[in-house]
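Q: Give me a model of this one.
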Amino acid sequence: MKNTRFTLGLAQLSKIDGDAGHQVIESLQEICPDLARFTIEYPFGDIYTRQALDLKSREIATVAALTALGNCTPQLKVHLNAALNVGCSEEEVKEVLLQMSVYAGFPAALNGMFAFKDVLNERKA
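A: Next comes the predicted model:
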């Protein structure tokens, strides 16, 4: 039987990222199953289940952080999808990315916006 953190985390991962999240976890199984388990247990089981922020707020913060980092495009795309999945509108996501031009710089905002364009195109396909 899996532990409670894992069970809670897997449920949150499914709610937030759907198939995309499970694909990330599956892709880790061959190379490092422990990292897959840690990914489910810590961020999704321990952090995403906390009550002080709703999932929409958490995804806005995550999109902002990943955009500011500037070197996390695959993870950013997963969380851009997640933001839309948990109720962010396209306009809200665009505003978060625009906000990053002030605090993370234009290159980061541009890269984030292009990643969002890719996500929107993939969702339409």
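Q: contacts, neighbours, all on C-alpha from now
A: Noted.
Q: Name the nearest residue to the residue nearest to the spatial centre of the chain, sequence neighbours excluded.
A: By CA atoms, centre = their mean, the mean C-alpha position of the chain lies nearest to H79, the distance being 2.3 Å. Distance criterion CA to CA, 6 or more residues apart in numbering; nearest residue to H79, sequence neighbours excluded, is V63 at 6.1 Å.
Q: so that neighbour is in which element?
A: Using DSSP states H and E, V63 sits within helix 55-69.
Q: which residues touch the helix or strand following that helix?
A: The element immediately downstream of helix 55-69 (helix or strand, assigned by DSSP H and E) is helix 73-85. For helix 73-85, the surrounding residues in contact (CA atoms under 8 Å, 6 or more residues apart in numbering) are 16-17, 20-21, 56, 59-60, 62-63, 66-67, 90, 93, 112, 115-116, 119.
Q: What's the ChimeraX syntax to select whichever of those residues are buried?
A: Listed next is the ChimeraX selection for buried residues among the contacts of helix 73-85, using 16 or more other CA atoms under 10 Å:
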select :16,17,20,21,56,59,60,62,63,66,67,93,112,115,116,119
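Q: what are the ranges of the helices in this structure?
A: 4-29, 33-39, 55-69, 73-85, 90-103, 106-124 (DSSP state H).
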